[in-house]
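>>> What would the 3D arrangement of this be:
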Amino acid sequence: MLVRTTRSQIAFLLRQKEAILTFCVLMLLVLANFVDNCQEYQGLDVMALAHTTKMGLLSWNRAGYKADLFMVFVQLYPLLVVCPAGFVLAKERGTQEHVLMITRMGSGTYYFSKLFSAFVVTAVVFAVPFLAEIALHVIAFSTRPMGDLSNWDYYSEEYIELVRNYMFSDLFVRSPYLYAVVKVLLFGLFSGVMGAFGVAVSALYRVKYRITVFLPTFLLLNLSVYAEVIFGEMEKSVTWYDFVMLHEEHFLNLRAFLVALVLVFLVIVGGTFWAARRDQL
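So this is what the prediction gives:
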């Protein structure tokens, strides 16, 4: 019952205007970045170009060079990540449709199907545009460029030290494109968790105004951005986008990030169990 219901919920959410609009916004950002790269590097020798994955919107290497689109994406992400599935419970409660569905399938199946479908749909909506971006850059610029947008020599000590800071740096050295695909998929999974978090929190309380659905995820992500302002200077970064971007150049506090993910997971699972128990008929 749970698997069948989740599959139908995934198909339903993927057809909703929120998921389609979010996908279109992400594709527009990706295409704008791609067109900008084509205009900037048109006519240059292939060997003078940076590695094609470093031209992508998710690459920190790109963020340090003409970062306007990157900043737009970072500012929009805490809101966009809620859109594909975050309003599903609020809408069904507004029409009292949730009462009928809980009566038919039980509260546990109802809430957990919403949770799993929100995770899958959000992950797909956020991963596919950036996988497409990798393919677009490979087609336009080939796989031969191996440089860096910082203009450091590929064999310089500075560049080698920089690469060692990457998460999965060994994978990047062996296969840069596999590294890029893995990091984009992890970004999709992270987005799925954030989408599920919004749904789980909205299950805990009755949403009077749908705009409040944005708040939990927005506040959580921005807490990591302003952590140094709140808790003081830190040696290692805890900012969310430093962990999910490609070619990150910062020292990362991986322990703090994993602890935060575990806490988010506990809220998601615990909140969903509590909501299902509360609404048992």
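>>> number of nearby residues for Tyr111?
Residues near Tyr111, counting by other Cβ atoms under 10 Å, number 25. Just so you know, the C-beta spots here come from the backbone N, C-alpha and C atoms, and that holds for glycine as well.
>>> my bad, Met71
The burial count for Met71: 10, using other Cβ under 10 Å.
>>> got it, and Val124?
18.
>>> quick one: it and Leu189 touch, right?
No. Using Cβ atoms under 8 Å, Val124 is not in contact with Leu189; the gap is 10.6 Å.
>>> Where does pLDDT dip in the chain?
Under the criterion pLDDT under 70, the flagged ranges of the chain are 43-48, 64-65, 142-160, 207, 281.
>>> Could you report the neighbour count for Leu21?
Using other Cβ under 10 Å: Leu21 sits among 14 other residues.
>>> so how far is Gly192 from it?
18 Å (Cβ to Cβ, to the nearest Å).
>>> which residues of the stretch 51-200 of the chain fall in helices?
Along the stretch 51-200 of the chain, counting by DSSP state H, counting those that start in this stretch, helices occupy 60-63, 68-80, 88-94, 97-105, 107-141, 157-164, 169-174, 176-204.
>>> Now the phi/psi pair for Arg15, please.
The phi and psi values for Arg15, taken as degrees, to the nearest 10, are phi -90, psi -10.
>>> and it, how many neighbours does it have?
Residues within reach of Arg15, counting by other Cβ under 10 Å, total 9.
>>> Leu49 now?
Residues near Leu49, counting by other Cβ under 10 Å, number 20.
>>> wait, isn't it in contact with Tyr41?
Yes. Using Cβ under 8 Å as the test, Leu49 is close enough to Tyr41 to be in contact (5.8 Å).
>>> how far away is Ala140 from Arg278?
53 Å.
>>> So those two - more neighbours on which side?
The neighbour count for Ala140 versus Arg278, taken as other Cβ under 10 Å, is higher for Ala140 (14 against 11).
>>> isn't the more buried one right next to Val35, touching?
No. Look at Ala140 against Val35 with Cβ under 8 Å: they stay out of range, at 10.1 Å.
>>> In space, what's closest to Lys183 - neighbours in sequence excluded?
Leu246 (4.8 Å; Cβ to Cβ, 6 or more residues apart in numbering).
>>> Now that neighbour: phi and psi?
According to degrees, to the nearest 10, Leu246 has phi -80, psi 150.
>>> Now do it: how many residues are near it, please.
By other Cβ under 10 Å, the residues close to Leu246 number 28.
>>> Please name the residues that touch it.
By Cβ atoms under 8 Å, 6 or more residues apart in numbering, Leu246 lies in contact with 53-54, 56, 58-61, 179-180, 183-184.
>>> Please identify which pair of those lies farthest apart.
Asn61 and Val184 (14.7 Å; Cβ to Cβ).
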